[in-house]
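Visitor: Coordinates for the following, if possible.
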Amino acid sequence: MSTLLTGSMDNRTKDRKPRPRRGNVIVLAAFLMVFMMFMIACAVDVGYIYVMRAQLQRAVDAAALAGGQDLVNSLDAAQAKTTEYLVRNPVGSSMTAFNEDELAAKIATFQAEHGGDLEVVYGDWNTSSMSFTPSQSSPSSLQVTMTYPNLPFFFGRVLGHEHFSITASSTAMFQPRDIVLVLDFSASMNDDSAFNAIGKLPQATVEASLQNCWNDLGPPAYGDMGFTPAWVVADGVPQNDAAQLPHITVEYQQTSAYVTSTHSLTSVRLTFSDSATQTFSGLSGTTGTFSGTSGNVGKRITRVQVRSWGNNNTFGTNGESFYFSSDSDFVTHLGLSGVAYPYAGGSWTGFVAYVRTSGSSNDTAGYRYKFGGMNLVEYWIEKYPSNAKFADGWKIRAEPAYAVKDSTAVFMDFIQAIDTNDRVALVIYDAADGNAILEHALTTDLPAISNIVNHRQAGHYHDYTNIGAGMQKAIETLNASARPNSCKSIVLMTDGLANWNNGSYNLSAAASHVSSEAAQAAAKKYKIFTLSVGVEADTATMQSVADTTEGKHYNIPGGTNYTTMHNQLKAAFKEIANARPLLLVK
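Guide: Next up, the predicted model:
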């Protein structure tokens, strides 16, 4: 029985056919496609949001950096530059560049649409606490926050979400700098105030500068000299009626003599440099100008003898004598015999010899045998410029040294205008050994730098120009003392040609030293900003140094007046001071 039942059931199973399931996969596929389309729509919208955020962040970063650069100009300038760069980097629209003529209109449109969406805050970034403090008093940082509140979704609107909002913020700060200022104080830094500059500059301009220098020294009073060089006047004995002695003066004019007497002249006898003599007698009147005639024309006079009234009874046949043969004679006639010479370099007789020398710059200026404060200053700055020889030389406004001092003070002011913790060191070349000296280590006490520069003079330590030594000392200073995260640079100034190296005058070795130090600076990524001051400066070398180190060269040729040079230098220093590197800190 059980066997039959089992067999019957097996037969029924074998005879049953499967039910058809057509259409089930299509329904499932349709459902999955809807889900996949939803996921794709979400992915597109989410991806779009991330793309827009990335675009906005890049735009805000660019705007913060651009606006930060203009903080040195004004807050309004920084605001304008920030807005401009947001316009130049649009979000959620075509990135096609537009014509610059359209910029103003596009900025106006942006401000109309998004004026309330942009926030620019000025202040200072604290690198220790990594915090931003708002301030509009000489800010060193700028914080930009931009919001786009109504960017459209592609598919979100199906779900009732038509727009989304994105915000990005960026903070830019000025990077602290370590700057080594390398200044040329070789002897040639007086040259634009010396008679040698006549031709390059009008003589009146040079003489006005020497007048300034004389005034800066007091002006002092030495004997009978005034400022403007003049012929020396020998003063005879006082009038003595009892002895019939007149008062006689002789103005010495090298090849002639202007004689005055309080009584009529009787005779004048001239002695010349070759010992020849000539006498003028039968005179009338109390004055006269006398010079050699015939074979004595153009000869230099060394002695003048004047007979007047009864002075031959006291002085002999030819009357009173006035000598002009030695340097000491002129010292006496200038009233300097009892006057202490003021400095270690030179002497009164040395000054007289300098003024009497033919072919000198003093002679070229037309002042041979003429004496005054003008060519006394010329004597000091040309012959004894160093501080050891001319201790008050730092006080005078000799050019271009004064232009450098004036502009350095302005440079320090520009750097201090915004507190970014910049430090400056001062190197001067040449030192007493002909190399370079670190006058002040890196410091934030910038007035101290200005004070030292103000107390230096052309040829302060040494006469020649060792540019390479100045560069070497600057690089050593940065290597030893610069902060790891600072921007490191060198400001190098010269008015001449590198000519001193390893203790001697050597143009080729000096030039090679400059090139070598430029390569060292480039290897360390130290930019060198070079300034060539005056027409005698080696602009080609300074340009090469700037190019090698990716710095910048400023040519300061000056002009027909000192004001031009001062303005050119100040403009260059201002640009260097304002070339502040920026960092994105947040």
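Visitor: all helices of the stretch 151-300 of the chain, in order?
Guide: In the stretch 151-300 of the chain, the helices defined using DSSP state H, counting those that start in this stretch lie at 203-216.
Visitor: Point out where it drops to low pLDDT.
Guide: Within the stretch 151-300 of the chain, the stretches with pLDDT under 70 are 154-161.
Visitor: Mind doing that once more with 80?
Guide: By pLDDT under 80, the weakly predicted segments of the stretch 151-300 of the chain are 151-163.
Visitor: Equivalent analysis for the stretch 301-450 of the chain, please.
Guide: If you take pLDDT under 80 as the line, the stretch 301-450 of the chain has these spans: 419.
Visitor: Check the closest residue to residue 534 other than its chain neighbours and give its pLDDT.
Guide: Nearest in space to residue 534, with sequence neighbours left out and distances taken as C-beta to C-beta, 6 or more residues apart in numbering, is residue 495 at 4.6 Å. (Glycine included, C-beta is placed from N, CA and C.) On pLDDT, residue 495 comes in at 93.
Visitor: measure residue 495 to residue 552 for me?
Guide: Applying C-beta to C-beta, to the nearest Å, the value for residue 495 to residue 552 is 18 Å.
Visitor: Neighbour count for those two, which is higher?
Guide: residue 495 (29 against 17; other C-beta atoms under 10 Å).
Visitor: now that one: how far from residue 480?
Guide: Look at residue 495 and residue 480: by C-beta to C-beta, they are 28 Å apart.
Visitor: Please apply the same query to residue 247.
Guide: 72 Å.
Visitor: Between these two, which has more neighbouring residues?
Guide: Neighbour count, other C-beta under 10 Å: between residue 247 and residue 480, residue 247 has more, with 16 against 10.
Visitor: Where do the strands of the stretch 251-400 of the chain begin and end?
Guide: Using DSSP state E, counting those that start in this stretch, the strands of the stretch 251-400 of the chain run over 256-261, 265-272, 277-281, 287-291, 301-308, 320-323, 370-371.
Visitor: out of the ones you listed, nearest to residue 225?
Guide: strand 370-371 (5.7 Å; C-beta to C-beta).
Visitor: ok now do residue 583, which residues does it touch?
Guide: Neighbouring residues of residue 583 by C-beta atoms under 8 Å, 6 or more residues apart in numbering: 172-175.
Visitor: my bad, residue 523
Guide: Residue 523 neighbours (C-beta under 8 Å, 6+ apart): none.
Visitor: The residue nearest to residue 534 touches residue 403, doesn't it?
Guide: No: in this structure residue 495 lies outside contact range of residue 403 using C-beta atoms under 8 Å: 9.5 Å.
Visitor: Identify the contacts common to the two.
Guide: residue 533.
Visitor: domains in this protein, as residue ranges please.
Guide: As given by automatic domain parsing, the domain ranges for the chain are 24-173, 178-194+398-584, 196-228+331-393, 233-323.
Visitor: from the ones you listed, which stretch is densest packed?
Guide: Among these, ranked by average contacts under mean count of other C-beta atoms under 10 Å, first place goes to domain 178-194+398-584 (a mean of 21).
Visitor: Tell me the gap between it and the middle of its chain.
Guide: Between the centre of domain 178-194+398-584 and the centre of its host chain there is 8 Å, according to C-alpha atoms, centre = their mean, to the nearest Å.
Visitor: Likewise for stretch 264-275?
Guide: The chain centroid and the centroid of stretch 264-275 are separated by 58 Å, computed with C-alpha atoms, centre = their mean.
Visitor: Only alpha carbons, please: show it as CSV.
Guide: Taking Å, rounded to 0.1, in the frame of the first residue of the first chain, the C-alpha atoms of stretch 264-275 are listed here in CSV:
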residue,chain,number,x,y,z
SER,A,264,100.5,157.8,-1.8
LEU,A,265,102.6,155.1,-3.2
THR,A,266,106.2,155.9,-4.1
SER,A,267,107.3,152.6,-5.7
VAL,A,268,106.4,148.8,-5.9
ARG,A,269,109.1,146.2,-6.4
LEU,A,270,108.1,142.7,-7.5
THR,A,271,110.3,139.6,-7.1
PHE,A,272,109.3,136.5,-9.2
SER,A,273,109.7,132.8,-8.7
ASP,A,274,112.8,132.8,-10.9
SER,A,275,114.4,135.5,-8.6
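Visitor: Touching that stretch from outside, list them.
Guide: Residues contacting stretch 264-275 (C-beta under 8 Å, 6+ apart): 257, 259, 277-288, 290-292, 296, 299-309, 312, 318-319, 325.
Visitor: Repeat the analysis, applying 7 Å as the threshold.
Guide: Contact with stretch 264-275 is made by 257, 259, 277-281, 283-286, 288, 290, 292, 296, 299-308, 318-319, as judged by C-beta atoms under 7 Å, 6 or more residues apart in numbering.
Visitor: which residues touch the residue nearest to residue 534?
Guide: With contact set as C-beta under 7 Å, 6+ apart, residue 495 has these partners: 184, 188-189, 400, 533-534, 536-537.
Visitor: now do residue 281
Guide: residue 267.
Visitor: ok, what's across the strand from it?
Guide: residue 267 (DSSP bridges).
Visitor: And the one 10 residues further on, by the same measure?
Guide: Partner residues in beta bridges with residue 291, using DSSP bridges, are residue 256.
Visitor: now do residue 491
Guide: So, taking DSSP bridges as the rule, residue 491 has residue 181, residue 529 as bridge partners.
Visitor: Can we start the residue count at 97 from this point?
Guide: That works, and once the first residue is 97, the last one we named lands at residue 587.
Visitor: Return the residues in contact with it.
Guide: Counting by C-beta under 7 Å, 6+ apart, residue 587 touches 275, 277-278, 625, 672.
Visitor: And for residue 466, nearest residue in space, chain neighbours not counted?
Guide: Using C-beta to C-beta, 6+ apart and skipping residues adjacent in sequence, the residue nearest residue 466 is residue 325, 3.6 Å away.
Visitor: Go ahead and confirm the one you found touches residue 464.
Guide: No: counting by C-beta atoms under 7 Å, residue 325 does not reach residue 464; the two are 9.3 Å apart.
Visitor: distance of residue 217 from residue 179?
Guide: 14 Å.
Visitor: for residue 341, what are its contacts?
Guide: Counting by C-beta under 7 Å, 6+ apart, residue 341 touches 333, 335, 407, 410.
Visitor: Residue 383 versus that one, what's the distance?
Guide: For residue 341, the distance to residue 383 - C-beta to C-beta - is 18 Å.
Visitor: just residue 208 next, same as before
Guide: 90 Å.
Visitor: okay but residue 516 is in contact with residue 274, surely?
Guide: No: in this structure, residue 516 is not within contact of residue 274 by C-beta under 7 Å, at 11.5 Å.
Visitor: quick revisit: kindly indicate which of the contacts of residue 341 lies nearest residue 530.
Guide: When the contacts of residue 341 are compared for distance to residue 530 (C-beta to C-beta), residue 333 wins out at 53.8 Å.
Visitor: gap between residue 345 and residue 416?
Guide: Counting by C-beta to C-beta, the separation of residue 345 from residue 416 is 11 Å.
Visitor: who touches both of the two?
Guide: Common neighbours of residue 345 and residue 416 (C-beta under 7 Å, 6+ apart) are residue 332.
Visitor: which ones are touching residue 172?
Guide: Neighbours of residue 172 in contact, by C-beta under 7 Å, 6+ apart: none.
Visitor: For it, what is the enclosing helix or strand?
Guide: helix 171-184 (DSSP states H and E).
Visitor: Now that helix: average pLDDT?
Guide: Computed over helix 171-184, the mean pLDDT rounds to 91.
Visitor: Let me see the contact set for residue 175.
Guide: Residues in contact with residue 175 (C-beta under 7 Å, 6+ apart) are 163, 216.
Visitor: If you could redo that for residue 451, that was the one I meant.
Guide: 458, 463-467, 471.
Visitor: quick one: it and residue 370, what's the gap?
Guide: 22 Å.
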